[in-house]
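my questions concern the predicted model and sequence given below.
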Amino acid sequence: MQKETSIFLPSQVTVKVHPVVIFNILDHYIRRNVGQDRVIGTLLGFNNDGVLEIRNCFPVVHSETEQIAVEMEYQRKMLDLHLKSSPREPIIGWYATGNDINENSVHINNFYRDEMGNSTPIHLTVDTGLTNDTMGIHAYMAHNLSLNPESSLGSYFSQLPLEILTFEAENAGLESIAQTKYDQQSTSLLSELESLQGSLTKLDEMLESITSYIESVEKGEIQGDPRLGRFLAKTIQALPKANAQVMDKVINNSVKDLLMIVYLSSLTRSQLAVATKISHSLSN
Amino acid sequence: MDIDEQIIQDYSNSKLDVVQIDGLVVLKIIKQCKEYLPELVPGQLLGLDIGTSLEVSNCFPFPPRDQEDENSESIADYQLEMMRFLREVNIDSNTVGWYTPTYLNSFFNESVIETQYNYQATINQKCVVIVYDPIKTSQGTLSLKCYRLTQSFMELFKDQSFSRERLDQANLSFNDIFEQIPIKIHNSQLINALLYEFDGASNNLTNSFDRLNISNNIYLEKVVEGMTDCLESLNQELNKVYINQRNIQTQKTNYIQQKFLEGQKVDEDELASMIKPLNPPSKLTSLLLTNQINNYTDQIHSFSGNSLTKLSLLKDLQK
């Protein structure tokens, strides 16, 4: 997930990818056949004025043993099926696992260029070999190197800036999913109070970090950063300075409202229980 | 031999303790339900059933219903074709249920029951429905629940009879329609490595302070409105029952008067046989509405407990 700009790009192109795409690629890699060292697939999304958003993907059957073979018929059928359920996500590129781009990548890229009607496909690589103890995710775009229009010396894959893009709901899902990092077995879904506790713990850690930084600056141990200081001051000024009595009144009113709602719902539940008991008594 | 016996045994066993979902399925459901908002588009779950647990490993959405005429046939063809293609890349292609988004957990209706009954009766009796609430999830906590029809309700629904006598004999309460099954999330080691990468790259990825928001009263208002609507519907059902009883009584009175004018005596057997059996209102609707109201009260209690906790924290912070 490095950000690097290439001089070959005529216009600035940015790639944003959703986590579900990476999850899908890793799931596909786990289910690969024996003897297959990398898998490929098709990326779906759209181009929004230079920002390429990858929203979905599906695996494609291929083999690279003796000669490159990609089942484009399979790819077309799967694309048709996906377009039925997501018409606004056309094909924008392809992905591969592993960290290298080799001669086969050029051929596969040409396959996808033909499928996309001579638009330039995006290539996404996910380093499933964990080189340097990190899972590198990179996005590329191929450019032709040629001395004259008739011939071509080869293709150069230039790297594009890549960003992981999540919505609020995906954040909530990722937070629940991320519990499995610490527990090697399955984990239950977080209850609301557990989520609340997690958020408060993180908030407390952030506040402690800020406090320790300010104390260090005051003691002269660390050279203070003026931008950071201004940012903190602005943040503190954003807090509303409400009167203590007014705040107490607002809080008490909210507590009373909530207690009233809880009482009404308890009353409703009791009424239902009584009705059920009466119904059973009458039937017996 | 052992595997085949195990498969046959798993298929015939209807006990289900836990549903294990891959993280990929969770993210796919969130993405697919978000795309189609405000339309609620369901989808299919794929996986395996092992022992008394169900493992969901993939899912795909059904196409939106553009044309009503060729709806069921095209969706069935779409399902079969999608599952056939997914099998070629070693993805599990066994159907283990379906998922549906819902608003404020208001999904208890007859169409959901019928769909779930078809899944449990024709495909696998361990099939489940996963209910996803996008409104609740947008507040910062993933809302994902797993339900299945109970065995007793399956037997009742098979006969398609919801008369009062049958339901009274079965001693069926509103809690006995669906049973909730706990959900566990499972990830492979490679995806766990990816999650560590996410944490390292940008620490703010899983920081979510939306649930610390105190002014979520709009959500509470919606839930209370939903409960009020259900109570009104239940009242209408009670009115139907009352009108039905009154009609029967009116018929009896008219018949007795007619016989009395003709100077004949009336015995009970003749009276019972002459009464036209009006269609009694279905008790299933009342049960569903009662179940719905119970769900709303659970939701209010959970949400209010959360809000009271936040307000207590705010009060202590104020001092």
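Ah, there it is.

and residue B:144, what are its phi and psi?
Backbone geometry at residue B:144, expressed as degrees, to the nearest 10, gives phi -140, psi 120.

repeat for residue B:97
Taking degrees, to the nearest 10 as the convention, residue B:97 sits at phi 150, psi -160.

equivalent analysis for residue B:145, please.
Dihedral angles for residue B:145 - degrees, to the nearest 10 - are phi -130, psi 150.

care to break chain B down by domain?
According to the TED database, chain B comprises the domains B:3-213, B:217-318.

could I get stretch A:252-261 in CSV with only the CA atoms?
The C-alpha trace of stretch A:252-261 is given here as CSV (Å, rounded to 0.1, in the frame of the first residue of the first chain):
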residue,chain,number,x,y,z
ASN,A,252,-31.6,14.6,33.3
ASN,A,253,-34.3,15.2,30.6
SER,A,254,-32.7,12.6,28.3
VAL,A,255,-32.5,10.1,31.2
LYS,A,256,-36.1,10.7,32.0
ASP,A,257,-37.1,10.2,28.4
LEU,A,258,-35.2,7.0,28.1
LEU,A,259,-36.7,5.7,31.3
MET,A,260,-40.2,6.5,30.1
ILE,A,261,-39.6,4.6,26.9
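
wait, does it contact chain B?
Yes - Stretch A:252-261 reaches chain B (C-beta under 8 Å from any C-beta of the partner chain) through A:254-255, A:257-259, A:261. Yep, even glycine has a C-beta here, placed from its N, CA and C like the rest.

wait, which of those is closest to residue B:78?
residue A:261 (43.9 Å; C-beta to C-beta).

I figured the closest one hits residue B:302, correct?
No - between residue A:261 and residue B:302 there is no contact under C-beta atoms under 8 Å: 12.0 Å.

between these two, which is the more surrounded one?
When residue A:261 and residue B:302 are compared for neighbours, residue A:261 comes out ahead with 21 against 14, by other C-beta atoms under 10 Å in any protein chain shown.

you'd agree that one is in a helix?
Yes - Residue A:261 forms part of a helix when assessed by DSSP: H, G, I helix; E, B strand; the rest coil.

what sits against it?
By C-beta atoms under 8 Å, 6 or more residues apart in numbering or on different chains, the contact list for residue A:261 reads B:220, B:224, B:300, B:304.

please repeat the previous calculation with a cut-off of 10 Å.
B:217, B:220-221, B:223-224, B:227, B:300-301, B:303-304, B:307 (C-beta atoms under 10 Å, 6 or more residues apart in numbering or on different chains).

tell me, how many residues neighbour residue 60?
Going with chain A. For residue A:60, using other C-beta under 10 Å, the count is 24.

oops, wrong one, chain B.
Counted with other C-beta under 10 Å, the neighbours of residue B:60 add up to 20.

ditto for the one 3 residues further on
Other residues within reach of residue B:63 by the criterion other C-beta under 10 Å amount to 20.

wait, it touches residue B:78, no?
Yes - contact between residue B:63 and residue B:78 holds when scored by C-beta atoms under 10 Å: they sit 5.9 Å apart.

anything in contact with each of these two?
Common neighbours of residue B:63 and residue B:78 (C-beta under 10 Å, 6+ apart) are A:81, A:84-85.

from the residues you listed, list just the buried residues.
A:81, A:84-85 (16 or more other C-beta atoms under 10 Å in any protein chain shown).

chain B next: which of the residues you listed are close?
Filtering those for proximity to chain B by C-beta under 10 Å from any C-beta of the partner chain leaves A:81, A:84-85.

dump those residues to JSON lines, plus secondary structure.
Below are those laid out as JSON lines (three-state DSSP):
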{"residue": "A:81", "secondary structure": "helix"}
{"residue": "A:84", "secondary structure": "helix"}
{"residue": "A:85", "secondary structure": "helix"}
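
helices of the chain, start to end?
Just going to use chain A. Remark: helices assigned in chain A by DSSP state H are A:19-30, A:72-85, A:103-115, A:168-177, A:192-219, A:226-237, A:244-283.

switch to chain B, that's the one I care about
With DSSP H as the criterion, chain B has helices at B:2-12, B:23-36, B:71-87, B:110-118, B:134-137, B:151-159, B:164-170, B:189-201, B:217-261, B:268-274, B:283-318.

looking at these, which has the lowest confidence?
Here the lowest mean pLDDT among the helices of chain B goes to helix B:164-170, at a mean of 59.

list the contacts of residue B:79.
Contacts for residue B:79 (C-beta under 10 Å, 6+ apart) come out as B:43-44, B:60, B:62-63, B:95.

quickly note the distance from residue B:184 to residue B:91.
Here the criterion is C-beta to C-beta, to the nearest Å. By it, residue B:184 lies 20 Å from residue B:91.

follow-up on the earlier one: how about the helices of chain A, which one is nearest residue B:296?
helix A:244-283 (7.4 Å).

flag every buried residue along that closest one.
A:247, A:251, A:254, A:258, A:261-262, A:265, A:268-269, A:272, A:279.

same check, this time on stretch A:104-119
Residues of stretch A:104-119 classed as buried: A:104-105, A:108-109, A:111-113, A:115-116 (neighbour count, 16+ other C-beta under 10 Å).

same check on stretch B:46-55?
Neighbour counts over stretch B:46-55 (16+ other C-beta under 10 Å) mark B:46-47, B:49, B:53-55 as buried.

a markdown table for those residues, including pLDDT and distance to residue A:208?
Putting the buried residues of stretch B:46-55 into a markdown table (pLDDT from 0 to 100; distance: C-beta to C-beta, whole Å) gives the following:
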| residue | pLDDT | distance to residue A:208 |
| --- | --- | --- |
| B:46 | 87 | 45 |
| B:47 | 89 | 43 |
| B:49 | 77 | 47 |
| B:53 | 82 | 41 |
| B:54 | 82 | 43 |
| B:55 | 81 | 41 |
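
report the two of those separated the most.
Longest span within the buried residues of stretch B:46-55, C-beta to C-beta: B:46 and B:53, 15.5 Å.
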